[in-house]
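> Can you look at this prediction? I've put the sequence above it.
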There are 2 protein chains.
Amino acid sequence: MKQRSFILPLNKMPNKWINILKNFPKAVLPLVDPKTNQPVPMDFLKSLFSEELLSQEVNSTDEYIPIPDEVRDIYSIYRPTPLVRAYSLEEILGTPAKIYFKYEGVAPSGSHKANAAIPQAYYNKKEGIKKVTTETGAGQWGTALSFACEKMGLECLVFMVRSSFEQKPYRKILMQTYGGRVIPSPSEETKIGRELYKVEENRRGSLGMAISEAVELALQDKDTHYTLGSVLNHVILEQTIIGEEVRLAMEEIGDYPDILVGACGGGSNFGGFMVPFLKENVEKGKKTRFIGVEPTACPTLTKGKYTWDYGDSGELIPPALMYTLGHTFVPPSNHAGGLRYHGMSPILSYLKANNLMEAVAITQLEVFKAAVMFARSEGIIPAPESSHAIAVAIREALECKKTGESKTIAFNLSGHGYLDMAAYDDYLNNKLDLNEHPDKEIEKALKELPNITFKV
Amino acid sequence: MKQRSFILPLNKMPNKWINILKNFPKAVLPLVDPKTNQPVPMDFLKSLFSEELLSQEVNSTDEYIPIPDEVRDIYSIYRPTPLVRAYSLEEILGTPAKIYFKYEGVAPSGSHKANAAIPQAYYNKKEGIKKVTTETGAGQWGTALSFACEKMGLECLVFMVRSSFEQKPYRKILMQTYGGRVIPSPSEETKIGRELYKVEENRRGSLGMAISEAVELALQDKDTHYTLGSVLNHVILEQTIIGEEVRLAMEEIGDYPDILVGACGGGSNFGGFMVPFLKENVEKGKKTRFIGVEPTACPTLTKGKYTWDYGDSGELIPPALMYTLGHTFVPPSNHAGGLRYHGMSPILSYLKANNLMEAVAITQLEVFKAAVMFARSEGIIPAPESSHAIAVAIREALECKKTGESKTIAFNLSGHGYLDMAAYDDYLNNKLDLNEHPDKEIEKALKELPNITFKV
């Protein structure tokens, strides 16, 4: 009988995160105040984030950061997660390629987001914070943070993109079950929310808007901090446990990936998945290819510009150097709510700009076709976000079928889709929203980029 | 760091099911035709079931039944499943008890039902059957069978209890995603369905009605068989892999259960969970207690009668000797759709009647209180059905707190509740349907039991 699933023993669960900024210090650029064209003062950032997280954010000297025991203890509720050889999918495709997936959907919140939520709740609690605010798109990050805060004894306030809030009522209930408070954004609870809500086209919300609301509340109260589930350097850092577990499991199996594929929204799951192998490319001359996959509805890496832009619609988060579609861009409603962010992690942006990773944008139709094929073969219902990675893994496996190559392809199955069945229903009944090439809206938003003249 | 999760290595996954009928041959009583008061002819049963499954059904001589390699291969997609020490729950309860749960929610369909669906699809396919019909309550069995049929290349038709069909649209979509066809029951597709639908109070449906519809179609077509996800001896047999994995994992951990707890609808999950330990009680003089938990809304074991009754409302499945509330009983709508069956597995009924197991009925309020406590501590959202077991495990753990005993309590977490969030919403917002003591309806149904004079 074939061994499909590989789970590292608990004593091999990584006890340190990998700090890729050590290898690419140029990716750590300061946030810039557009008024002064100077780096934003640390005091501003300290009013938002825990000191330990800020120190992770700008640290380009330590190769590794130890994972606190308290964090590892909660990780052990679901980690190490399985690395699965997708034999049934390979068979259906008739490919000579070997396909693996790392399954992060076993986490309490149903996705990889728990990996960053737990340390963020931990450090904030340790520093005396009582409450954290955040935004959530698909609801994955909000769910993870609700669970982590419950574990740490912190209050948790989640601004959920209004279109997701309405499309995904189960997500909201899940957060509430874990003890989080959930508010549809734009909301009446903040000044910026009330302003945004006045404009009809803003009402479906966006991650950028929800971020503005969460930040506004954190700035007003010294016992409240803001948390972010993607984009930032410390989030990518905390997610590296995914890829490191893959690397260790592959070592035990005696295999090594030729290609790694992951979905890209803000960059957290793919960043965490690829970083340990990127480090091997750099330090050991390995040649793994990295392919980030995004929806054509929000094609940040493939149609965005590598420049300075705000992290949110409300212009509360100062500009960072990244790929962006413009912070005023509101993507069309599509089901992959977690991939609707206008920007991209500065680390991944740096890698893309320097040809250290590839990017591809695909349609929802290709995504769901892959998702259903995967569900029927491997049994797991994948999140629509994660299914972007499945679709491109399938593309690469079919390419192997043409060339006869037996490449090793691994993708990150960042979450399950049991709360996304409405989107499956739409696909199965040909009701998917296929408005997903917002070229004119992108063009317009790119014209509204801030004018930053800061020199690196 | 504490080891929470124990997963047997693949090479220790059981390769045989345990046939408890060898120990309790009196539990295998024939189905009786009420017209003749004689055992039902095998020819009738053969028009419904695969020969191999029928042979498992009445086999009281073999101690073990080998699990076919093809079945074990598909089992390996999700098995062995984790046995988890619920340290966080223990801590919140402040109990000296050790609490373990076996987590069957990692199966493709989200519950233990896959364990029986896969062999049933396998044997039917092997015997040349093209299509199988079935009923489903909560949707767990229909989902498992849809997946198993997809794997085996069989057509799958699922009659879903109409109240569940309406309350749980995501379940329906899940079945469709796996390739099953789903019809709300009572339906227009069968003679019995059309008859039942005429009576207003039947329209919310019941497992008994859905069974009648599925059986009717199977009787009409020689290429179609009927399958059942619970109650029958062969289903309990196929589920014994759950308990056997628990026994083997406990052996590795160096622990042994004092108390096993499981939810009881038709008996499949608790039967499969307890049988390997029951065998040890009988053969090795062990003293494990077995507690079956049912909803007060459908209290088969605690308020039913141990007698001959039909397996379905339409009187198509001949009477078996079991605990029953009467086959005309329609339980009040409550969220634990999987625990709404009027009867109980003959094996479990035999055990209860002979004081070899205990039974307790609890309210939905206690169930959901336990479910939320479990979700917040252990991270997993439990199915409402499985939460019946959690609630009584908590009761027993609190009893240990009083007495200071450090008992080992294990329960079967038979499935996850990610598709049951609407019920959680009701609980969190005090909207739970609390009409759950249908004493008058039970009294009425018990008066309508068939008059069987067959002598064992």
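Sure thing, it's come through.

> Which strands or helices does the strand or helix carrying A:Glu195 pack on?
In the assignment (DSSP states H and E), A:Glu195 maps to helix A:191-197. Applying 3 or more Cβ pairs under 8 Å, 6 or more residues apart in numbering or on different chains; DSSP states H and E, we find helix A:191-197 packed against helix A:207-220. Just so you know, the C-beta spots here come from the backbone N, C-alpha and C atoms, and that holds for glycine as well.

> interface residues of the stretch 51-200 of chain A facing chain B?
Applying Cβ under 8 Å from any Cβ of the partner chain, we find that the stretch 51-200 of chain A lies next to chain B at A:69, A:72-73, A:76-78, A:88, A:106-110, A:147, A:150, A:169-170, A:173-174, A:176-179.

> ok, now with 6 Å
Counting by Cβ under 6 Å from any Cβ of the partner chain, the stretch 51-200 of chain A comes close to chain B at A:72-73, A:76-77, A:108, A:150, A:170, A:173-174, A:176-177.

> which stretch of helix or strand covers the closest residue to chain B within the stretch 1-150 of chain A?
In the stretch 1-150 of chain A, the residue that lies nearest chain B is A:Pro108 (2.8 Å; Cβ to the nearest Cβ). For A:Pro108, there is no enclosing helix or strand under DSSP H and E.

> Isn't it up against B:Gly379?
Yes. Between A:Pro108 and B:Gly379 a contact is recorded at 2.8 Å, counting by Cβ atoms under 6 Å.

> more neighbours, these two?
Taking neighbours as other Cβ atoms under 10 Å in any protein chain shown, A:Pro108 and B:Gly379 compare with A:Pro108 leading, 26 against 22.

> Show the contacting residues for the more buried one.
Applying Cβ atoms under 6 Å, 6 or more residues apart in numbering or on different chains, we find A:Pro108 in contact with A:147, B:379.

> any idea how far A:Val71 is from it?
14 Å (Cβ to Cβ, to the nearest Å).

> Then A:Ser111?
In terms of Cβ to Cβ, A:Ser111 sits 17 Å off from A:Val71.

> Which one's more surrounded, the two?
Remark: of A:Ser111 and A:Val71, A:Ser111 carries more neighbours, 29 against 23, as counted by other Cβ under 10 Å.

> tell me the contacts of that one?
A:Ser111 touches A:104, A:140, A:414-415, counting by Cβ under 6 Å, 6+ apart.

> what about the nearest residue to it once chain neighbours are set aside, neighbour count?
Leaving out its chain neighbours, the residue that sits closest to A:Ser111 by Cβ to Cβ, 6 or more residues apart in numbering or on different chains is A:Gly415, at 3.1 Å. Per other Cβ under 10 Å, the neighbour tally for A:Gly415 reads 32.

> so where's chain A uncertain?
Scanning chain A for pLDDT under 70 picks out A:334-336.

> What residue in the stretch 251-400 of chain A comes nearest to chain B?
A:Gly379 (2.9 Å).

> wait, isn't that residue in contact with B:Tyr75?
No. Counting by Cβ under 6 Å, A:Gly379 does not reach B:Tyr75; the two are 11.0 Å apart.

> shared neighbours of the two, anything?
With Cβ under 6 Å, 6+ apart, A:Gly379 and B:Tyr75 have no common neighbours.

> Contact partners for the residue of chain A most remote from its centre?
Most distant residue from the mean C-alpha position of chain A: A:Met1, 35.2 Å away (Cα atoms, centre = their mean). Counting by Cβ under 6 Å, 6+ apart, A:Met1 makes contact with B:72-73, B:76.

> how does it look with 10 Å?
B:10-11, B:13, B:15, B:69, B:72-73, B:75-76 (Cβ atoms under 10 Å, 6 or more residues apart in numbering or on different chains).

> A:Lys172 too?
A:136, A:139, A:142-143, A:158, A:160, A:164-166, A:180, A:182-184, A:419, B:421, B:425.

> Where neighbours are concerned, which of the residues you listed has the most?
A:Gly142 (34 neighbours).

> thought that residue was touching A:Ser109?
Yes. Contact criterion Cβ atoms under 10 Å: A:Gly142 and A:Ser109 qualify, at 8.6 Å.

> which neighbours do the two share?
By Cβ under 10 Å, 6+ apart, the residues touching both A:Gly142 and A:Ser109 are A:117, A:174-175, A:178.

> who touches the residue nearest to A:Val246 when sequence neighbours are not counted in this structure?
Among residues not flanking A:Val246 along the chain, A:Lys102 sits closest, at 5.2 Å (Cβ to Cβ, 6+ apart). Applying Cβ under 10 Å, 6+ apart, we find A:Lys102 in contact with A:6, A:80-84, A:112, A:242-243, A:245-246, A:249, A:260, A:262, A:269, A:272-273, A:389, A:410-414.

> ok, 8 Å please
A:Lys102 makes contacts with A:81-84, A:242, A:245-246, A:273, A:410-413, as judged by Cβ atoms under 8 Å, 6 or more residues apart in numbering or on different chains.

> out of those residues, who's nearest A:Pro331?
A:Asn412 (21.8 Å; Cβ to Cβ).

> out of the contacts of A:Lys172, which are inside strands?
A:136, A:158, A:160, A:182-184 (DSSP state E).

> For the stretch 301-450 of chain A, what lies in contact range of chain B?
So far as Cβ under 8 Å from any Cβ goes, the stretch 301-450 of chain A lies against chain B at A:372, A:375-376, A:378-381, A:416, A:418-419, A:421-422, A:424-425, A:428.

> Quick one: buried ones out of these?
A:372, A:375-376, A:378-381, A:416, A:418-419, A:421-422, A:424-425 (16 or more other Cβ atoms under 10 Å in any protein chain shown).

> Could you find the closest non-adjacent residue to the closest residue to chain B within the stretch 151-300 of chain A?
In the stretch 151-300 of chain A, no residue comes nearer to chain B than A:Tyr170, which is 3.9 Å away by Cβ to the nearest Cβ. Nearest residue to A:Tyr170 in three dimensions, chain neighbours excluded: B:Met421, at 3.9 Å (Cβ to Cβ, 6+ apart).
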